[in-house]
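Visitor: Sequence isn't available, so here's the structure alone:
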């Protein structure tokens, strides 16, 4: 009997890579695709464990699962860090004030260099 490929391996691998790249988007850009990738990879893992001789690309599914777990952890940590900074350090008003102060300081340094 010819071996088949696990059905969700490619999709879960692509989503895991997208999640890994999306880790930098305040965390939420990586959590959602990583969660979906992990779900699909676990689904393929269960399917493989039921009948291992039937499928040929289990290593790819396992790689997708590993990348999804790593992306999920990094994204979750980044999301928690962002939320803590946002809520406990003053929210939007504090962020806008910090940006304004940074701009004023940059303008002051530029004016000192031009003199």
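Guide: Structure's in. What do you need? Quantities reported herein were computed from a predicted structural model and do not represent experimental measurements.
Visitor: Wait, residue 80 touches residue 28, no?
Guide: No - shown here, residue 80 and residue 28 do not form a contact pair, counting by Cβ atoms under 8 Å, at 11.2 Å. No exception for glycine: its C-beta is placed from N, CA and C like everyone else's.
Visitor: how many neighbours does residue 47 have?
Guide: 18 (other Cβ atoms under 10 Å).
Visitor: for residue 55, same thing?
Guide: 19.
Visitor: same deal with residue 35?
Guide: With neighbours defined by other Cβ under 10 Å, the count for residue 35 comes to 17.
Visitor: Adjust the sequence numbering to begin at 8 for everything that follows.
Guide: Sounds good: first residue 8 from here, last item residue 42.
Visitor: before we move on, which element is it in?
Guide: Taking DSSP states H and E as the definition, one finds residue 42 inside helix 35-57.
Visitor: could you pull out the strands for the protein?
Guide: Assigned by DSSP state E, the strands in the chain number zero.
Visitor: Provide a list of residue ranges in it with pLDDT below threshold.
Guide: The model of the chain has pLDDT under 70 over residues 8, 33, 122.
Visitor: so where's the longest helix in this structure?
Guide: When the chain is parsed with DSSP state H, its longest helix is helix 65-95.
Visitor: quick one: that helix to helix 35-57, angle?
Guide: With axes from the mean of the first three to the mean of the last three Cα atoms, to 10 degrees defining the directions, helix 65-95 sits at 150 degrees from helix 35-57.
Visitor: Go ahead and confirm residue 30 touches residue 36.
Guide: Yes - under the criterion of Cβ under 8 Å, residue 30 is in contact with residue 36, at a separation of 7.2 Å.
Visitor: before we move on, back to that, going by neighbour count, which residues in the longest helix of the chain are buried?
Guide: Going by neighbour count (16 or more other Cβ atoms under 10 Å), the buried part of helix 65-95 is 65, 67-68, 70-72, 74-75, 78-79, 81-83, 85-86.
Visitor: I figured residue 44 hits residue 19, correct?
Guide: Yes - using Cβ under 8 Å, residue 44 is in contact with residue 19, at 4.5 Å.
Visitor: got any residues that touch both of the two?
Guide: Both residue 44 and residue 19 are in contact with 71, 72, 75, where contact means Cβ atoms under 8 Å, 6 or more residues apart in numbering.
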